[in-house]
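J.: Task: produce atomic coordinates for the following.
(2 chains)
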Amino acid sequence: MEMKLIFFSAIALLIPVLGQTEEEKASYEVFELMTASSPSDSRSKEWKPGDGITLEVSGMEWMGDTLAISIRKGEVWMIDNALSDKIEDISYRLFASGLHEPLGLARDGDDLLVSQRAEITRLQDNDGDGVADAYLTECDGWNVSGNYHAYTYGPERDGEGNLWVTLNLGMGKLSDNSMGWRGWGGIIGDDHRFVPKALGMRSPSGMGANLEGDMFYSDQQGTWVPASPIYHLREGVFFGNQESLGTLKDPDAPFQLSAVPKANVPYPIALKQSEEFVPPAVWLPYNKVGRSTTDIQVIDTDGKFGPFDGQLLIGEFTNSSVSRVFLEEVGGEYQGACFPFLNGFPAAVVRLSFAPDGSLFVGMTNRGWSSLGNRSYGLSRISFKGVTPFSIQEMSARSDGFDLLFTEPVDEASLEGAFEMSSYTYEYSSSYGSEEIQTKDHGLSVGSISDDGKRVRIKVEELRPLYVHELRTKGVRSSDGRSLDFPNAYYTLNKIPKS
Amino acid sequence: MRAFETGAGGGQIFGVLRRRNGFGKPSCLLLAVFALFCCLSPAKASPHVVGFERFHSEEPTAEGGAVLYSELGCASCHGGSATVVPRQGPRLINLSQRIERDWLVSFLKDPESGREGSNMPQMFHGVADGEVEAVVAYLGSVGKDIKFPADRHANAERGSALYHEKGCIACHAPTSDFRSPHGSGEALVPELAIAHPDFQKKTSLEALNLFLSSPSSYRTDGRMPHIQLDRQESLDIAAHLIDYQGSDPRELSGVILWPKASAELIESGKAIVTKLNCASCHDLPGLKADAMKPLSRVVEEEGAHCLSSEPTPGVPYYDLTAPQLASLNLFLTGARPENDPDGQLTLAAMNCYACHDRDGVGGPTSETNHFFIGDEGLGDSGRLPPPLTGIGHKLQGDWMKSVFAGEAESRVRPYMSTQMPPYAAHAEAFTKWFQEMDAKPEAKDIVIRPDDIESGRKLLGIHGGTNCITCHNWGEQKSLGIPALDISNLDARLQSSWFHEYLINPASYRPGTLMPPLWPGGQSTVPDVLEGDTDRQIAAIWGFIKDGQGSPEGFPDRSGGQFELVPGERPIIQRTFLEGAGTKAILVGFPGEIHLAYDGSLGYPSLVWRGKFFDAYDTWFTRAAPFENPLSDDVYAFGEGGGEGRFSGYQLDANGNPVFLIERDGHMIEESFRVETGKLIRSLKWEDGEAPKVSHPHGVEVASEASAKSLTFIYSWK
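T.: Down below sits the predicted model:
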């Protein structure tokens, strides 16, 4: 594990604590279970089938202390003793094979549900020999034209037990998005058919429910998607990508759009044109936080993963990183802020899963696109080391500004002149991504500070609903003299609260 | 009112071209003035010069005037064009075979009636009808007989697809209800689009085909660029434009035969054409143009002139809009840009900006953007033409010349549907011009250290390198991911100093590119190669591209067939996209060299083959997910007539043989396969209902056994 040290320091650098030694800085520690570049890398000249696992992680699910992993080659592996600190104690066994590019995995009793391009498949081990012997169609009914980009993601369970599936748009040769629910999300129906619920997706490669059980999905910047968003996924809504409109002609379409929004206008204007058109709960501004967002994983660890329980972690492909999202309900809808969180992974982060012990497993594969982490795949475990990072833990909206909750008490003296804010939106258009437009700087002042020194109210002039409000800090210190791990936060202010 | 442009970049460039950024609106006053023009002059038949309307129509600029001065043909008579390639009128040869006479007559009398927005001034006001007839007679006599290409079948529908994909819509409006790949079905008519004439009134299918097959033969100034089309393509596009609904070439007719004209009439027509100085714009054999006096302050000048508000007999009449007049006046009265130091006048005049951005100006508009299609896996770089910013520094001179000359190997972006039209006649001039504009004498060429070249192989590759081949093709070898352009020949295309600059910050040249900065801020992301020295690393990559042998590290070696799946004791099952078995194909490789493909979409077997089973490389490890084929030519397809059903999955028996579960007509069927001693054994079992219908693979011996609730078929080969 030659890479391990390099990677360790990469994380450590991003969670700095002043006045301590390098080793003591880390709030989070990484353990690499497997990273490409070993002889098992499928792209090595020496590799041949049978030589090992190409762990291009596309789905993760826990069966006790055993981690089930689907890989893009079309296999499901069981990783026994996955929580061991000794590489040699961790073992791998093949559970299922011959699948067509699985991109998601969910447990259902003793069975596993796995996505394939053309169906969701139930894997059963009926004879108890540890290898699947039944591959049953759990759900199908979408168009598979043979286009490479028409991926199938899921299933992912929400609080009511619905299993959600999302269907990527096709792109380029052989693509056909005009029918068969491309760009839609839905649930697995009782008759094993796909039940469409919402449309307007582009590359919905990640889903995850929050603690309340509400489902969210991530999309990726591209055509019709100006920057990577996190959406609340539910029935009857439109997320903006008009390439998914073709299937509205299908008699099984659950609803119609009251209007097709006109393009080439700012997003806040576009949103007003159709009742079903909803804004993302959070935008992840391009390059600042997200480029190609992937999985969503709620933090539910009773503090074992640090002070962020209840928040969402978001995987990031191109930047090989993990971002953090804080959500709150304002006016009956989710909105909130995003923050950079963990950087420096060896490959594109595609799947996230918390182990029973509260450590985070990060599954990686960069097949098909480039990523800053230049390995072709990897599986890492991130553990919280008990050192609370000095972070902006929460950013919540108020009628006259924002409430910032820090993980540690702040040094009041460091707050003077420490904050700047600007807001912006995006253009709604069929183009590939959008610049930030209509950027405006806001006057800002520091209001009250809570008695424990952790909560700081900032008053902001002329808040703009439906705009991203970018907070930039400079020189904010904790009372014990530490600097913030990441100075900036990005709040998607869909609605301004009354108080 | 036309839509506002949107897009990246923007801002004011040298005070010359204004790109309206985002949703910035022109001032209310300008809007009001503009609206007033529209109201007062509903029948205005003004020329339409895209490069003016797009960049200079909101407030008068001398540069806008310069564009008009060139494109309206002012410079043709009066001299002093600031564009690199001066505007010329079309060559008026063989008109009697190419153009309908009636259309020409009405065009001469009122160019606007022949084509909306025509740049041709009115020349024949106050000229008697008889004289126009004489001019037409003379024009009909110019040029030798032409031969039209031999008859072929035309397909207007295919022509429509070509018209919308090849780049025609960069300048012209989309036709009919063509749906863009990202559209919601609305057919937008871009305000800037250059209008077509009524082709049915103007010309014939064969003549339009002749024109489209070689526009540069008639339009030598490159304003209608010469898109390279093969014979079928030009015919199909012509059929689309002229709305030809037939397909049988014997139905074709040329233009209506022109009446024979007397020599006297032709001579008198020629005299009128000479007097009107038509030859200053149009290439007419044997006629010379008279140079006219240089212009100044014409708009305020007393007396008759080209820009008078009312037509004057014997003087060209341009029905200009007020903004056009204002800009032209600024140009004529102010300091004239005699040449084009930044290229903005020429790029606007020739409408290069329809496709290309340069220094943040131009590029597809929000209305045309979605018609540029290509491989979206590459982001916008996969479908939008590259920027021309610093192009004279980017490209080597010989390469640029070959691009302008339209040489086949200069097409390096096969994924892009829009084609760069060649400007063969101007290749030298354009190349020299760009090189002079963009010269960067301070830029240093890369110096290759021979000892570092081998590190270039590593850096280009994926084993601890910078992963170039994850996205980029290398000669014939496809990348491991998206098909970004071939980088094995960059040394023939690019200047090395530009290459170095580009790698440090790709987005500065091409905002939004998927190409990541691998040396962000000049710092290498690969510290263990060549001591992490950025300059040496980039030089090593350049050196390997130029002088290295072989390929970058990490392309899979498939020559040994490692990815062939060879069934051992138990069958191998693999799903994929398979030709002949659909997108839900389940491949079963049995021991004993007999294999099966089951079509999961139909719930029915589709292929049997003997010999080798399957090469899994593309299914397992590529992004492309192509349709696959059996690894054998000894293939037998199942005949029609079998009962299809809903596939519900499969189970494996103790030996690993599959039992497919199919629901047909409400009843469950178990359909199992196994191989024994050179035979494929297929069994169907059911609990309820009638025996299922079956068909068998063609060309295979079939034996069968039946019992109450089961059927068994044994397939064998002689």
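J.: And the average pLDDT for the helix or strand harbouring residue B:609 is what?
T.: Per DSSP states H and E: residue B:609 is located in strand B:604-610. Across strand B:604-610, pLDDT averages out at 96.
J.: Which elements pack onto that strand?
T.: Contacts defined by 3 or more Cβ pairs under 8 Å, 6 or more residues apart in numbering or on different chains; DSSP states H and E place strand B:604-610 against strand B:594-599, strand B:635-637. Any C-beta I mention is one placed from the backbone N, CA and C, and that applies to glycine too.
J.: Turn the ones you listed into a markdown table, columns for mean neighbour count, distance to chain A and mean pLDDT.
T.: Formatted as a markdown table, the helices and strands packed on strand B:604-610 follow (neighbours: other Cβ atoms under 10 Å in any protein chain shown; distance: least, Cβ to the nearest Cβ, whole Å; pLDDT from 0 to 100):
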| stretch | mean neighbour count | distance to chain A | mean pLDDT |
| --- | --- | --- | --- |
| strand B:594-599 | 26 | 11 | 97 |
| strand B:635-637 | 18 | 18 | 96 |
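J.: how about TSV for the ones you listed, with distance to residue B:715 added?
T.: Below are those laid out as TSV (distance: least, Cβ to Cβ, whole Å):
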stretch	distance to residue B:715
strand B:594-599	8
strand B:635-637	8
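J.: tell me the domain boundaries of chain B?
T.: B:152-251, B:450-547, B:565-716 (automatic domain parsing).
J.: does residue A:364 sit in a helix, a strand or a coil?
T.: Under DSSP: H, G, I helix; E, B strand; the rest coil, residue A:364 falls in the strand class.
J.: How about it, nearest residue that isn't a chain neighbour?
T.: Leaving aside its chain neighbours, residue A:364 sits nearest to residue A:347 (3.7 Å; criterion: Cβ to Cβ, 6 or more residues apart in numbering or on different chains).
J.: My read is that that neighbour contacts residue A:362, right?
T.: No: in this structure, residue A:347 is not within contact of residue A:362 by Cβ atoms under 8 Å, at 9.5 Å.
J.: okay, now residue A:190: neighbour count?
T.: Number of residues near residue A:190 (other Cβ atoms under 10 Å in any protein chain shown) recorded here: 6.
J.: Please apply the same query to the one 5 residues further on.
T.: Burial of residue A:195 is recorded as 18 neighbouring residues (other Cβ under 10 Å).
J.: Wasn't it part of a helix?
T.: No: per three-state DSSP, residue A:195 lies outside any helix segment and is strand.
J.: how near is it to residue A:255?
T.: Using Cβ to Cβ, to the nearest Å, residue A:195 is found at 13 Å from residue A:255.
J.: Residue B:69 now?
T.: From residue B:69 to residue A:255 the distance is 57 Å (Cβ to Cβ).
J.: higher neighbour count, those two?
T.: Higher neighbour count among residue B:69 and residue A:255: residue B:69, with 27 against 15, using other Cβ under 10 Å.
J.: Quick check: buried residues in the helix or strand that contains the more buried one?
T.: Per DSSP H and E, residue B:69 falls inside helix B:62-71. Buried residues in helix B:62-71, defined by neighbour count with 16 or more other Cβ atoms under 10 Å in any protein chain shown: B:62, B:63, B:64, B:65, B:66, B:67, B:68, B:69, B:70, B:71.
J.: Now the element after it, going C-ward?
T.: Next helix or strand after helix B:62-71 toward the C-terminus (DSSP H and E): helix B:74-78.
J.: what separates that next one from the chain centre, distance-wise?
T.: How far helix B:74-78 lies from its chain's middle: 34 Å, per Cα atoms, centre = their mean, to the nearest Å.
J.: Now do the buried residues in it.
T.: Neighbour counts over helix B:74-78 (16+ other Cβ under 10 Å) mark B:74, B:75, B:76, B:77, B:78 as buried.
J.: Residues contacting that helix, please?
T.: Contact with helix B:74-78 is made by B:68-69, B:81, B:86-89, B:277, B:280-281, B:289-295, B:306, B:328, as judged by Cβ atoms under 8 Å, 6 or more residues apart in numbering or on different chains.
J.: So which of those residues sit within helices?
T.: Taking DSSP state H, the ones among the contacts of helix B:74-78 that sit in helices are B:68, B:69, B:328.
J.: rewinding a little: just put the buried residues of helix B:62-71 in a markdown table and tack on pLDDT.
T.: Output for the buried residues of helix B:62-71, formatted as a markdown table (pLDDT from 0 to 100):
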| residue | pLDDT |
| --- | --- |
| B:62 | 89 |
| B:63 | 90 |
| B:64 | 92 |
| B:65 | 91 |
| B:66 | 92 |
| B:67 | 93 |
| B:68 | 93 |
| B:69 | 92 |
| B:70 | 92 |
| B:71 | 94 |
